[in-house]
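> could you work out the structure for the sequence below:
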Amino acid sequence: MSNTFHKRNLPHLYFDEGRYFITYRLANSIPLDKLSELAKINTNLDFKSYHRLFQKYDLLLDSCDMGINYLNRTELAEICKQSLDFPDKKEYTLICYCIMPNHVHLVFELLPGNKGISEIMKLMKGYSAVKCNSIIGKEGKFWQVESYDRWIRDDKELYFTINYVLLNPVKAGLVDNWENWKYSYCRKEYLTF
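Predicted coordinates for the structure are as follows:
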């Protein structure tokens, strides 16, 4: 198994196989003043402090009353869904996803001979950005350039990650049951609840 490491603002460790959890969001989906507040927090944090910082960031993403929420529009969410479905069985096996009003959570397992996560994400985000921008009459960035990604190390972590993804619209107060969120999906063999 080979790996690639690179860093922008976040570190990224990509293997050519394995399961991944990816979160990406719309450009300008979190107001700059809120991001600036988070950026002031020391980055040399212990695990518990880093986890609390991530929770604050997560709450900002789930607050659908600020920033841009283009994915509330059915036609845009459908384009996003198509971009997630297209690589399924070609580049990865799609495990689950949730398309929220301003961000997307995605879990997949890479297939042998895949193009690599950077290229897969570039194609998915590029396709959906062009299509969505044409519908809303916008030019420029549709997605935030950088995504959050995590290599899933074992089945226990996969279980908790799937639960996190599927329960995101419930936690955000958008529905009472994850199955009622139109843009959630989980492959049948991975359903745990």
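
> ok, Ile22 touching Tyr148?
Yes: here Ile22 lies in contact with Tyr148, judged by C-beta atoms under 8 Å, at a distance of 7.0 Å. The C-beta positions use only the backbone N, C-alpha and C, and glycine is treated the same way.

> who are the packing partners of the lengthiest helix in the chain?
Secondary structure of the chain read by DSSP state H shows that its longest helix is helix 117-136. Here helix 117-136 is seen to pack against strand 19-25, helix 74-85 when contacts are counted using 3 or more C-beta pairs under 8 Å, 6 or more residues apart in numbering; DSSP states H and E.

> looking at those, which is closest to Phe108?
Smallest distance to Phe108 across those (C-beta to C-beta): 6.0 Å, for strand 19-25.

> what angle do helix 117-136 and that closest one make with each other?
For strand 19-25 against helix 117-136, the angle by axes from the mean of the first three to the mean of the last three C-alpha atoms, to 10 degrees is 30 degrees.

> partners of strand 19-25 in the sheet?
strand 103-110 (antiparallel), strand 148-152 (antiparallel) (DSSP bridges).

> just name the most buried of the ones you listed.
Burial of these is given as mean neighbour count (mean count of other C-beta atoms under 10 Å); strand 103-110 ranks first at a mean of 23.

> please tell me how far that strand is from the chain's geometric centre.
Strand 103-110 has its C-alpha centroid displaced from the chain centroid by 6 Å (C-alpha atoms, centre = their mean, to the nearest Å).

> quick one: it to helix 74-85, angle?
Here strand 103-110 runs at 20 degrees with respect to helix 74-85, directions being taken by the same axes, to 10 degrees.

> pull the residues that contact strand 103-110.
Outside of strand 103-110, the residues that reach it under the criterion C-beta atoms under 8 Å, 6 or more residues apart in numbering are 15-26, 29, 61, 71, 80, 84, 87-88, 91-98, 117, 152, 158, 161-162, 164-165, 168.
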